[in-house]
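*Asks:* Predicted model and sequence below, questions to follow.
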Protein chains: 2
Amino acid sequence: MTTSQQQGERRNRREPGERRGRRAWDRCARLAGLTAVPGQIDRFYLTPEHRAANDLTARWMKESGLHTWLDEAGNVHGSTGQRDSRRPRLLIGSHLDTVPDAGRFDGIAGVMAGIEVAGGEWAANFPFDVEVIGFGDEEGTRFGTALLGSRAVAGTWDDRWWGLEDENGISLDRAFAEFGLDPERVGDASYAAKNVVGYLEVHIEQGPSLDRARIPLGVVSSIASARRFEIEIIGEPRHSGGTPFDERHDALLGAAEAVLAVERFSIEHSVIGTVGRMEVEPGAVNVIPGRAVFSVDLRAHHDHQRDDIIEQFRELVTEVADRRGLRATMKQLHEAPAVYCADRLKEAVRAGIADVQDETPPELFSPAGHDAMAIDAITEVGMIFMRNPDGISHHPAEYVSPDDLGAGIAALAHAVQSLA
Amino acid sequence: MTTSQQQGERRNRREPGERRGRRAWDRCARLAGLTAVPGQIDRFYLTPEHRAANDLTARWMKESGLHTWLDEAGNVHGSTGQRDSRRPRLLIGSHLDTVPDAGRFDGIAGVMAGIEVAGGEWAANFPFDVEVIGFGDEEGTRFGTALLGSRAVAGTWDDRWWGLEDENGISLDRAFAEFGLDPERVGDASYAAKNVVGYLEVHIEQGPSLDRARIPLGVVSSIASARRFEIEIIGEPRHSGGTPFDERHDALLGAAEAVLAVERFSIEHSVIGTVGRMEVEPGAVNVIPGRAVFSVDLRAHHDHQRDDIIEQFRELVTEVADRRGLRATMKQLHEAPAVYCADRLKEAVRAGIADVQDETPPELFSPAGHDAMAIDAITEVGMIFMRNPDGISHHPAEYVSPDDLGAGIAALAHAVQSLA
């Protein structure tokens, strides 16, 4: 074949991908309308908006010829087989929930892509069922603990979560009941490892690497090792006018030193560290802060990097607290080891991408967490990243083009075929 | 006279002061029960708690033989003369409102001391009326702008304040109406300078100088030159995982640098600077802060010190914002020039203190603002500070002993007599 012939064939293969990309993209826009706050996107686990998103997604799954069901944790499934099928399953998934004031594509685009692939005519004669899952909670926005939907499917549900409360004091078990789910039956949502042949996920890159390199798709190598902490600093809330500096125990000043250290240590050690939350009490113009509470979110390629910096940070906080006469406590909110994508799935994904894109796909580390982290407990995982202009995510400006989404769908379809 | 005779006479003069100190102290405790939040002290301008405090204070004024009235700004007055008396007035005042979760004595103790002095038998035959005022707003807790009560009396009310809103969106003019006051008539609360012979205020020291020196009472030399700002820093709220450090515009990191600079500059220039409020948005663990808003409260002996440090701070904020790709704006919320106590009133106060205390009273600068600042617009002012253990104020642990309060009352009474 000549080069122009090759390009012609590649174009022919891309065309259905482009139509499917446009349809999946339009569906992301439709789902954006299902929100608790009109004018922005706020769709959280086990809410009326979650139910509406499940209903609409299930309708689209059915229209693509898939069998659909809601599982015992509120995740929506669509499969080439029945729920009780005895055939092995290849899972494709991502999530339908959002952060507050979110973009349209984080998670959502992966579920819509999965429908295009599982519902394609190519999936009919595989030796396994192809099943797409729209997980109900990945972000952890409502109950503070992430990946609830995918952990239910992975069978790693923790009964201590039932007491978690949302900001209105509604516990997770009550939210289950209000959604029409039976907390006692959450175990029925889980899959045994022996019945699953793998898990694939397409997701927007939540960073700028592909956009900078001008490449539509990339292969994910691993998902970050992560730990999250809440740090509380207690000082003394005294009058801002009358208290001389040598008698001050200002919680905010201690916190400010710690916040800057998170940045400094992270850059020094090539990890990613962020303080996203900071609350100060009593919060009056003329009262010295008596209490400051802030979050630390750390992500690293490998677990030991992450743990080293945490020890260094803990020492710094202790030193600052001693010097300023403050009390500091660190509480871990979340810990996830690094998850490495399986070689055979990386190969399948790479082959799929080669089919739709001229550029060699880069291997990308994912600092952000994904449902694949949870599903790794029962099967090997592989992921495709799609180009995201400027890497903006968790923000209304988050974007993936219909063409790049179409390329992602085509590459995923090819990867699934190569596994079959 | 021998020294022991002198001490005996001083003791005799102190005895009525001690009884009055105990009564005034008990009244502070009674007023502490008039609060919006049971279990703490929250009494704000033009609230039901404010009305209850006015009613109780007026009852005590009447019991001391004073004529009482409520003025057109919600301040309660008690005088040896009628409201429409043509005699000159010597004003004694402080405030009945509090900060959130306050102590019992800030302001309150001065009003109760004023009742003891104006209501004493000694005040009957003076060439002026002695009038005590319980101002309704000094702290500015409800509407964000301080000294509303005393500014009404000083005739420096600003009609732009009518649109100020409390945290429930109730405007100041609506709060006036709901309290039964007519906004149109607020000017009637003001006194002409020619009718007022001076203003005296007794207040707890909101700092530890007297306690450290083990001296009950001090003479105030001046009240701080103050400015307050709100600084807003705008960055970009992006995903904490996917955004590399060279693409971050983290509003909290910029704010943290500024917060530490407020402390550093303040210590270098011997002024008092505090960041009491800090709010961060969107405030999610996994989103880089896109906006941080914080307050800066600066107090200095002299205006030029204060203004110099503000220019230095403004330059630092600009440098930080440029370096981090942030936008920063500084909005002034409050400005007050230094107010210097009048020599003749300092002399009167010093003589009064000498009558009840062996130790020479130190001259103290007040970093905290007081109603005297506003009243300075119509008459000369003088102030007495009372010892405050550990200098704790704006906090439930705020304290003055009944004995020290009694000493303050006796010294104030003597100062008023010497002016007569």
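*Replies:* Yes, it's here.

*Asks:* Look at the residue lying farthest from the centre of chain A and tell me its secondary structure.
*Replies:* Using CA atoms, centre = their mean, the residue of chain A lying farthest from its centre is A:G242. It sits 48.4 Å away. Of the three states, A:G242 takes coil according to DSSP: H, G, I helix; E, B strand; the rest coil.

*Asks:* Could you do the one 10 residues further on as well?
*Replies:* Remark: A:L252 carries the secondary structure label helix [criterion: three-state DSSP].

*Asks:* and what of A:I231?
*Replies:* Assignment for A:I231 (three-state DSSP): strand.

*Asks:* who does it bridge with?
*Replies:* A:I231 has these beta-bridge partners by DSSP bridges: A:F294, A:M330.

*Asks:* Now do the same for A:G65: its pLDDT.
*Replies:* The model reports A:G65 with a pLDDT of 95.

*Asks:* Just confirm it contacts A:G119, I think it does.
*Replies:* Yes - contact criterion CB atoms under 8 Å: A:G65 and A:G119 qualify, at 5.7 Å. For glycine as for every other residue, the C-beta is placed from the backbone atoms N, C-alpha and C.

*Asks:* So for A:E279, what's the nearest residue that isn't a sequence neighbour?
*Replies:* Counting by CB to CB, 6 or more residues apart in numbering or on different chains, A:E279 lies nearest to A:V293, which is 4.9 Å off, once chain neighbours are set aside.

*Asks:* Please report the distance of the one you found from A:M112.
*Replies:* Using CB to CB, to the nearest Å, one obtains 38 Å as the distance from A:V293 to A:M112.

*Asks:* the more surrounded of those two?
*Replies:* Legend: neighbour count by other CB atoms under 10 Å in any protein chain shown for A:V293 and A:M112, higher for A:M112 (29 against 18).

*Asks:* Can you name the residues in contact with stretch A:156-175?
*Replies:* Applying CB atoms under 8 Å, 6 or more residues apart in numbering or on different chains, the external contacts of stretch A:156-175 come out as A:44-46, A:73, A:142-145, A:148, A:151, A:178, A:183, A:186-187, A:190, A:374, A:377.

*Asks:* ok, 7 Å please
*Replies:* The contact list for stretch A:156-175 (CB atoms under 7 Å, 6 or more residues apart in numbering or on different chains) reads A:L46, A:R142, A:F143, A:G144, A:T145, A:R151, A:P183, A:V186, A:G187, A:A374, A:A377.

*Asks:* Ok, stretch A:20-29 next?
*Replies:* Contacts of stretch A:20-29 (CB under 7 Å, 6+ apart): A:60, A:104-105, A:108-109, A:112-113, A:116, A:402-403, A:405-406, A:409.

*Asks:* Turn those into TSV, including distance to chain B.
*Replies:* Listed next are the contacts of stretch A:20-29 as TSV, based on distance: CB to the nearest CB, whole Å:
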residue	distance to chain B
A:W60	27
A:R104	14
A:F105	12
A:I108	15
A:A109	15
A:M112	20
A:A113	19
A:E116	24
A:P402	21
A:D403	21
A:L405	18
A:G406	22
A:I409	22
